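Undergrad: Sequence and predicted structure, then a few things I'm wondering about:
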Amino acid sequence: MVSSNAVRDTSQEASHLATDVLIIGAGGAGMYAALEAACEGASVLLADRSLIGRGGATVMAQMTVAAALGEQTPDHWEHHLADTLNAGRGLCNPSLAALLCEDGPRRLREMDAWKVGWAREDGHIKQAQAPGHDRPRCAYVDFLSTGPAVSRTLRTQLNNAHGIRRIGDLSIVDIAVQDGVACGATALHVTSGEIVTIAAKAVVIATGGLTRLYRRNSASSNMSGDGYALALRAGAELIDMEFVQFFPIGHLAPRLVGMDPIMWDPFRYKLGGKLLNAQMREFEEDYASRDTRSDGRYVLTRDLATYAITKEVEAGRGSPAGGAYLSFQHVPEAEIRRAFGPVVDRLAANGIDLARAPVEVAPIAHYHMGGVRVDTELETAVPGLYACGEAVGGANGANRLSGNAITEAFVFGAQAGRSAARRAARQSSAWSAEAAKPAAELLRGTEAGSRDNPAALITELQALMADLVGPFRTEDRLRRGIAGLAALKQQVGEGPWAAPRGYDAELLDWLDLRNMVLVAQSVALPALARTESRGAHQREDHPGLDETWTVNQMITLANGELSLTRSALPSGKAAA
């Protein structure tokens, strides 16, 4: 075991790589960006701290993909845009939202040509109705398998592509910036502990969202908000960071392996699942006066279902695992199997029999509307630095429309890859070893003093965010959360506590914690400032939407301190 006072070997030399375009993150958006950049003739390095194409959110997404294909019902992308803007509660960047909706059909048809296997009916791509859409618009592969099929298809295209170098187990520590221009990155090779520098003419952040900040979440364990932290430290802006989407009925118990924790929504919709408290009593009606009801089966909308479950637990009427029961015991077993077929067998393999016992569900952090601020080329305020997928903020405003997440990965991934490749074609390298030196020295340096367990501190941060910066917020809780994050920042310190080695879990946890604290602060600060309830941001002490808050909030980092500003909407509406 390395002593806390041990000095690292600062003579250790870093390996060096060079490419036209560096893409950080190899989920759906990152893979699409790599394919598009390679099509433009760029050399591409696709880096991920996990296995290529098997981490992130896309591979775990098991629902639908929204696009105005018009295969079964007449449609147009402008109708999709209207629904997207409506869901965003006045805060969407209309140009980014239009890009998503207009290019979505092209990308789904491209995936169809790549044999993703969209479900068909009478020779047409089948499209389902989803909440918030004015017509059936959401394609899928089959029930609960869309994300894995998308990821598998993109991996196959990568295998057939030229000019793309793929490196897994590579954790990007910081983006290198020379004279205000992004010129590469510094990374840690997880398996060897080796420092790696990468020169690139353009850099694309495709690292997904931040849902790992919360105790319960629906994404991969590497969704810690890394891309937001990388962007901030490089000099880019973040936008709409207060808007974290919570899904009301995420799976809680019994243990569910290999299936999406938010899978219960279509079950509930089709079969009329009942939410029960610890007394086995339906409680949705108790909260129905706060809601305009949708149909007879969904008594409460998602935000109010989240509210109802949270309040039942707070009142001591929660299920043993800390949520509510979701019961289908009133539905005949044959009807359950007729509706969901082989999925019933997969549930049985997990010890779940819906006809005989309820499952436990609770709100779960699912998606983040905020992210890196970009233009329609997907470029940030830092020349040469791009972002795509869930890492991008602005397109979804205060709440994301159902089905837009994978579409966003396709469209923004393709646009960012194309833009980055075209920049690389017209620019010479701005690489400077000096630009990478601070991050390399961070990894090699020594932080003397106490050695808190970084994994334990991550757990502490997740609990703090869940309890104080969760789906329902107050000034008191937010202020306590911000104070707690400041204390955690002090515990994190300025440098790692252990020498780098292969599979160095302690160092990786410290690097994660460094990013997570910064990103958590970037969520809590604008949440405290926004004194209204809008979309996914709900203030119990400020109920109701306030038109004076029809503004975006921006986060920047300078000299280690975060700054918060407001900005006029792209439509030109004046800031408050």
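TA: Yep, that arrived.
Undergrad: which secondary structure element contains the closest residue to Thr186 other than its chain neighbours?
TA: Leaving out its chain neighbours, the residue that sits closest to Thr186 by C-beta to C-beta, 6 or more residues apart in numbering is Ala439, at 3.6 Å. (Glycine included, C-beta is placed from N, CA and C.) For Ala439, the enclosing helix or strand under DSSP states H and E is helix 433-444.
Undergrad: For Asn453, give me the backbone phi and psi.
TA: For Asn453, the backbone dihedrals are phi -80, psi 110 (criterion: degrees, to the nearest 10).
Undergrad: who touches it in this structure?
TA: Going by C-beta atoms under 8 Å, 6 or more residues apart in numbering, Asn453 touches no other residue.
Undergrad: Could you check how far it is from Arg444?
TA: As judged by C-beta to C-beta, to the nearest Å, Asn453 and Arg444 stand 22 Å apart.
Undergrad: what's the burial count for the closest residue to Asp353 other than its chain neighbours?
TA: In space, and not counting its chain neighbours, Asp353 is closest to Leu347: 7.5 Å by C-beta to C-beta, 6+ apart. Here the neighbour count serves as a burial measure; for Leu347 (other C-beta atoms under 10 Å) it reads 19.
Undergrad: Leu347 sits in which helix or strand?
TA: Per DSSP H and E: Leu347 is located in helix 342-349.
Undergrad: Could you give the average pLDDT over that helix?
TA: Model confidence over helix 342-349, given as mean pLDDT, is 87.
Undergrad: go on, stretch 94-104?
TA: Averaged across stretch 94-104, pLDDT comes to 97.
Undergrad: Could you do stretch 177-197 as well?
TA: When pLDDT is averaged over stretch 177-197, the result is 94.
Undergrad: go on, stretch 507-516?
TA: The average of the pLDDT scores along stretch 507-516 is 92.
Undergrad: ok now it, how far from the chain's centre?
TA: Taking C-alpha atoms, centre = their mean, to the nearest Å, one finds the center of stretch 507-516 at 18 Å from the center of the full chain.
Undergrad: same thing with stretch 530-546?
TA: Centre-to-centre, stretch 530-546 and its host chain are 22 Å apart (C-alpha atoms, centre = their mean).
Undergrad: average model confidence for stretch 369-381?
TA: Per-residue pLDDT values across stretch 369-381 average out to 97.
Undergrad: And that stretch, how far out from the chain middle?
TA: Put simply, stretch 369-381 sits 15 Å off its chain's centre (C-alpha atoms, centre = their mean).
Undergrad: which parts of it are buried?
TA: Judged by neighbour count (16 or more other C-beta atoms under 10 Å), stretch 369-381 contains these buried residues: Met369, Gly370, Gly371, Val372, Arg373, Val374, Leu378, Glu379, Thr380, Ala381.
Undergrad: thinking again about what came up before, got the CA coordinates for the following helix or strand past the helix holding Ala439 in CSV?
TA: Moving toward the C-terminus from helix 433-444, the first helix or strand encountered (DSSP H and E) is helix 454-468. As requested, C-alpha coordinates have been extracted for helix 454-468 and formatted as CSV (Å, rounded to 0.1, in the frame of the first residue of the first chain):
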residue,chain,number,x,y,z
PRO,A,454,-13.1,8.7,-2.1
ALA,A,455,-15.6,5.9,-2.7
ALA,A,456,-17.2,6.7,0.7
LEU,A,457,-17.3,10.4,-0.2
ILE,A,458,-19.0,9.6,-3.6
THR,A,459,-21.7,7.8,-1.6
GLU,A,460,-22.0,10.8,0.7
LEU,A,461,-22.3,13.2,-2.3
GLN,A,462,-25.0,11.0,-3.9
ALA,A,463,-27.0,11.0,-0.7
LEU,A,464,-26.7,14.7,-0.3
MET,A,465,-27.8,15.4,-3.9
ALA,A,466,-30.8,13.0,-3.5
ASP,A,467,-31.9,14.4,-0.2
LEU,A,468,-31.2,18.1,-0.7
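Undergrad: Against which helices or strands is helix 454-468 packed?
TA: helix 475-492, helix 505-529 (3 or more C-beta pairs under 8 Å, 6 or more residues apart in numbering; DSSP states H and E).
Undergrad: between the lowest-mean-pLDDT helix or strand in the chain and helix 342-349, how big is the angle?
TA: Least confident helix or strand, the chain: helix 264-271 with a mean of 76, by mean pLDDT, DSSP states H and E. Between helix 264-271 and helix 342-349, the angle formed by their directions is 120 degrees, by axes from the mean of the first three to the mean of the last three C-alpha atoms, to 10 degrees.
Undergrad: buried sites along helix 264-271?
TA: Applying 16+ other C-beta under 10 Å to helix 264-271 flags Trp264, Asp265, Pro266, Phe267, Arg268, Tyr269, Leu271 as buried.
Undergrad: can you put these in TSV and add distance to Leu564?
TA: As requested, those are arranged in TSV below (distance: C-beta to C-beta, whole Å):
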residue	distance to Leu564
Trp264	37
Asp265	34
Pro266	39
Phe267	41
Arg268	38
Tyr269	39
Leu271	45
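Undergrad: and which of those residues is nearest Ile205?
TA: Ranked by distance to Ile205 (C-beta to C-beta), these are led by Asp265 at 29.5 Å.
Undergrad: The closest one contacts His251, correct?
TA: No. Because the distance of 10.9 Å does not satisfy C-beta atoms under 8 Å, Asp265 is recorded as not touching His251.
Undergrad: What's the separation between the one residue sitting closest to the centre of the chain and Arg501?
TA: Nearest to the mean C-alpha position of the chain, counting by C-alpha atoms, centre = their mean, stands Gly209 at 2.5 Å. When C-beta to C-beta is applied, the distance between Gly209 and Arg501 equals 30 Å.
Undergrad: Out of the helices and strands packed on helix 454-468, indicate the one that is most buried.
TA: Ranked by mean neighbour count under mean count of other C-beta atoms under 10 Å, these are led by helix 505-529, which reaches a mean of 23.
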